[in-house]
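Asks: Sequence and predicted structure are below.
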Amino acid sequence: MKKLGSEILKNEIFLKREDYHKNILRKITSLRDTILLGGGKSAIAKQHQKNKLTARERIAKLIDEDTTFWEMNTYAAHNMYLEHGGAPSSGTIFGIGKIHGRDFVIVANDATVKAGAWFPITAKKNLRAQEIAMENRLPIIYLVDSAGVFLPLQDEIFADKEHFGRVFRNNAVISSMGIPQIAAIMGPCVAGGAYLPIMSDEALIVEGEGSVFLAGSHLVKAAIGEEIDNDSLGGARVHSNISGVTDYIMKNDEEALAQIRNIAQKFGHNANAGFDRIETKQPKFSAEEIFGILPEDTMKPYDTYELLARLVDDSEIDEYKAGYGQSLVTAYARIDGWAVGIVANQRNIVKTEKGEMQIGGVIYSDSADKAARFIMNCNQRKIPLLFLQDVTGFMVGSKAEHGGIIKDGAKMVNAVANSVVPKITIIVGNSFGAGNYAMCGKAYDPRFIFAFPNSKIAVMGGAQASNVLLDIKTKQAEKEEKTFSAEDKSKLLNEITKSYEEKSNPLYAAARLWIDEIIDPRLARMYISRAIECADNNPDIPRFNTGVIQT
């Protein structure tokens, strides 16, 4: 065992860093508080006037008392669709909550946001919820209250593979996997959206509020001339007593939620994956100190071991190949009692046995080779993988190319891509270029992926990218026989840098679901532990096979 950490000198540098990170977190938290209001206080009041609970109130009553709803994708659609009035949290809420002590994926339409209409990113968010249910074999509950597709953007949500229809396809696949699905119709459920609750195992409907039909009364009149009101067309009594489409009539939201809890209580128990867990031990050092360890500028170095000392149980690790490929730390450890294999970028400049200096955050050939072998070991031993990303990319230059950096990088990427144990990724700082891929970015199917508030996600660093883009624009101007003054170049560089920084911000990534959530670094242990707890519900771990790897 390697004991980690040291008492941090809380000097001026530490305090400046701490203030910087806490200020970012305050802004993120303040934004989250606004998002949690959905369509706003007046829209919430209108929902209450109809004797209906809001989506988050429904979830709070559904889950066990004194437990916390583990919400995902809270910042979905942030600063998107502004020309249509915006869509806080994309008008849909999803996460994982405990019902009678078991984890359930819960998806709820937020009727305070455009009557719960589906924007393009709403479909993507619902698909992510279903993906989490399938990957972790978690039962899923849908609380339906939606006006259907947001028609002004129908061309971006209707026909493609990751559009609206894929949700119903997934309903069928989830059912075939033996994963329970329960739906409560607590408001309108229109057109194609009607299939979601009815393709679930059981459907409840709230009398006077819930309705299900392929075409509402106005469209029915336009299409076939029939005059009928929505309740007579597809209300609770019609579908429970005449068509047989729904299974339970509920008086109100509260009764529907209580009935779901009754149904869920009687589910049978399945085998779990068997990931190793023992009694938890707290780290020797406070998670509060993470704020003072991480620099304000993500390009500056820091000691990754100090970060690990505040994440892992008892602040100790079993480090694999400690003296080899030191720009990556690979280690076995425990977090909240769970056994984990950690792959973390070392952000300090390190000196190799050959006397060479390795830049922190860069992946070298020896590091990639080490990580690939370590990932294979974790798969062989059924140990979940934790990737702590703070990577600026792979090493470049003639020496790296002649040494086979592409081959070794491909070896690592292959191992990550084919890994069968759960992968959890936290973006601690930078996530640039192919480093994002090698360190299990979203494209490499992490079960869950989170980011610290100071993180940056882009194809390269802002300074490099801005200068490249400026050079391109300058050459274009020269071809057009235009001249750029030093002032023009400075102004253009500032504009490019600002735009690039905005798009590498974690809020930009969270809005587009590149990450599942922006998290408080002090809660990282909880997020990792909950992720493995959820993953442990799926006992089906296929045999690990990397295919062809160049050695």
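Replies: Nice, I can see it.
Asks: can we go C-alpha only for contacts and neighbour counts from here?
Replies: Noted.
Asks: Roughly how far does Ile406 sit from Asp369?
Replies: 11 Å (CA to CA, to the nearest Å).
Asks: Settle it for me: which of these two has more neighbours?
Replies: Taking other CA atoms under 10 Å, Ile406 and Asp369 do not tie; Asp369 has more neighbours (21 against 18).
Asks: Surely the more buried one is in contact with Ala410?
Replies: No - counting by CA atoms under 8 Å, Asp369 stays clear of Ala410, with 9.4 Å between them.
Asks: List the contacts of Val362.
Replies: By CA atoms under 8 Å, 6 or more residues apart in numbering, the contact list for Val362 reads 327, 345, 391-395.
Asks: for Ile278, that is, sorry about that
Replies: Per CA under 8 Å, 6+ apart, neighbours of Ile278: 337-338.
Asks: 49 is where my numbering starts, stick with that
Replies: Okay, using 49 as the starting number, the last item reads as Ile326.
Asks: Would you mind giving me the ChimeraX syntax to select the buried ones in the contacts of Val410?
Replies: Listed next is the ChimeraX selection for buried residues among the contacts of Val410, using 16 or more other CA atoms under 10 Å:
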select :375,393,439,440,441,442,443
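Asks: Including secondary structure, distance to Gly477 and pLDDT, could the contacts of Val410 go into TSV?
Replies: Output for the contacts of Val410, formatted as TSV (DSSP: H, G, I helix; E, B strand; the rest coil; distance: CA to CA, whole Å; pLDDT from 0 to 100):
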residue	secondary structure	distance to Gly477	pLDDT
Ser375	coil	15	95
Asn393	strand	10	97
Val439	strand	8	96
Thr440	coil	9	91
Gly441	strand	12	90
Phe442	strand	16	91
Met443	coil	18	88
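Asks: Tabulate the contacts of Val410 (a markdown table), appending distance to Ile107.
Replies: Conversion of the contacts of Val410 to a markdown table gives the following (distance: CA to CA, whole Å):
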| residue | distance to Ile107 |
| --- | --- |
| Ser375 | 44 |
| Asn393 | 38 |
| Val439 | 37 |
| Thr440 | 40 |
| Gly441 | 41 |
| Phe442 | 44 |
| Met443 | 47 |
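Asks: so which of the contacts of Val410 comes closest to Ala534?
Replies: Set against Ala534, the nearest of the contacts of Val410 by CA to CA is Thr440 (29.6 Å).
Asks: I figured the closest one hits Val476, correct?
Replies: No - assessed by CA under 8 Å, Thr440 is found out of contact with Val476, at 11.9 Å.
Asks: What are the phi and psi values at Asp114?
Replies: phi 60, psi 20 (degrees, to the nearest 10).
Asks: Now do Ile404 against Ser547, distance only.
Replies: Check again: residue 404 is Glu, not Ile. In terms of CA to CA, Glu404 sits 37 Å off from Ser547.
Asks: between the two, who's got more neighbours?
Replies: Neighbour count, other CA under 10 Å: between Glu404 and Ser547, Ser547 has more, with 13 against 9.
Asks: List the buried residues of the one helix or strand the more buried one maps to.
Replies: Element membership for Ser547, per DSSP states H and E: helix 534-551. Buried residues in helix 534-551, counting neighbours by 16+ other CA under 10 Å, are found at 537, 540-541, 544-545, 548-549, 551.
Asks: CA atoms only for whichever helix or strand comes after it, dumped as PDB, please.
Replies: Sequence-wise, the next helix or strand downstream of helix 534-551 (DSSP H and E) is helix 554-559. Coordinates of each C-alpha in helix 554-559 appear next as PDB, following Å, rounded to 0.1, in the frame of the first residue of the first chain:
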ATOM      1  CA  PRO A 554     -18.500  22.600 -18.900                       C
ATOM      2  CA  LEU A 555     -21.900  24.300 -19.000                       C
ATOM      3  CA  TYR A 556     -21.700  24.200 -22.800                       C
ATOM      4  CA  ALA A 557     -20.900  20.500 -22.600                       C
ATOM      5  CA  ALA A 558     -23.600  19.800 -20.000                       C
ATOM      6  CA  ALA A 559     -26.300  21.600 -22.100                       C
END
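Asks: Good, wrapping up.
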